[in-house]
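Peer 1: Predicted model and sequence below, questions to follow.
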Amino acid sequence: MVQVKTVLNGHKAEEAAAGLRETTPRGQKARTKVILEIKDGLLYRKGMLWIPEDKELITTILESEHNSKFTAHMGQVKTIELKQRNFWWPKMDERIINYIRSCSECQKNKVVRRHPYGLSLPLELPYATWQSIAMDFITELPLSDKYYQLWLVIEWFTKMAHFIALQKDAKMAADLAVAFAKEVWKYHGLPTDIVSDRDSRFT
C-alpha cells in the first residue's frame, strides 16, 4: 500500500492525524474519538484505510472486489457496503457508482427486471370548484395544545386550502372522516375525486 509521505490539506499527515479528533458536546460524558490516525506508516480515517487520490490505485481496488469471481459483479449498494468495510476516500460512493455504470460486463449481462415506466399523465382539469381535491399530512410539528400535525386539503380549481389541526391521539381513519365532514364537506359538499399518496388512512 501507499505509505504516508505527502501532505493532507496543506498539513503533514502526522500533524493532521494528531489534530483531527471528535470531542463530546458539553454536558455529556467526556470522550475523545480519533478521526485520523497512522498505523505502520498508513493513514486511517475512523478505522478505514485512507486511499490517496490515485486513479490507478482506486481502479485496482474496485476491480479486485467488483470484477472477481467471488463478488460476481455485485450492484451499487452491495459494492459500496463492501468497500466501506476497509477503505475510504473522498467522494467514494460517487466513484463506485460511476465505475459500475461503466462496467461492460454489468451492462451486457444484467437485464432490467421491471416493467418499463409508463407515460406521465397529467391530471384532468377540474371544471368547477371543490370537484377535485388533494390531501396530505404535514407532520413532525412542535406540539401545541395537543396538536402536532396538520391535514392539508387543497382544491385544484381555485387552489383554496384547509389546514386541519390533528391531535396526537386522533389520527385514525374514523377521526379523519369526522374531521373531513366537519371542516370540508360541511362547507363545500362531497368532491368528485380525491388525489392522495394512498396513505392507509385515506384508502
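Peer 2: Nice, thanks for sending it over.
Peer 1: Quick one: mean pLDDT for the helix ranked longest in the chain?
Peer 2: The longest helix of the chain (DSSP state H) is helix 55-66. The average pLDDT within helix 55-66 is 80.
Peer 1: tell me what it is packed against?
Peer 2: In terms of contacts (3 or more Cβ pairs under 8 Å, 6 or more residues apart in numbering; DSSP states H and E), helix 55-66 is packed against helix 76-83, helix 92-101. Bear in mind the C-beta positions are built from the backbone N, C-alpha and C, glycine included.
Peer 1: domain assignment for this structure?
Peer 2: 1-50, 52-108, 132-195 (automatic domain parsing).
Peer 1: I'd like to know which of the ones you listed is closest to residue 124.
Peer 2: domain 132-195 (7.7 Å; Cβ to Cβ).
Peer 1: Quick one: the strands in this structure, in order.
Peer 2: Using DSSP state E, the strands assigned to the chain run over residues 7-8, 11-12, 21-23, 32-34, 36-39, 42-45, 48-50, 87-88, 132-138, 147-155, 161-167, 193-195.
Peer 1: coming back round to it: now do the longest helix of the chain against helix 92-101, angle only.
Peer 2: Here helix 55-66 runs at an angle of 70 degrees relative to helix 92-101 (axes from the mean of the first three to the mean of the last three Cα atoms, to 10 degrees).
Peer 1: May I have helix 55-66 exported as PDB, CA atoms only?
Peer 2: C-alpha atoms of helix 55-66 as PDB (Å, rounded to 0.1, in the frame of the first residue of the first chain):
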ATOM      1  CA  LYS A  55      -6.800   6.900 -10.100                       C
ATOM      2  CA  GLU A  56      -4.900   3.700 -10.800                       C
ATOM      3  CA  LEU A  57      -4.900   2.600  -7.200                       C
ATOM      4  CA  ILE A  58      -8.600   3.200  -6.800                       C
ATOM      5  CA  THR A  59      -9.400   1.400 -10.000                       C
ATOM      6  CA  THR A  60      -7.300  -1.500  -8.900                       C
ATOM      7  CA  ILE A  61      -9.300  -1.700  -5.600                       C
ATOM      8  CA  LEU A  62     -12.600  -1.500  -7.500                       C
ATOM      9  CA  GLU A  63     -11.500  -4.200  -9.900                       C
ATOM     10  CA  SER A  64     -10.300  -6.500  -7.200                       C
ATOM     11  CA  GLU A  65     -13.600  -6.500  -5.400                       C
ATOM     12  CA  HIS A  66     -16.100  -6.000  -8.100                       C
END
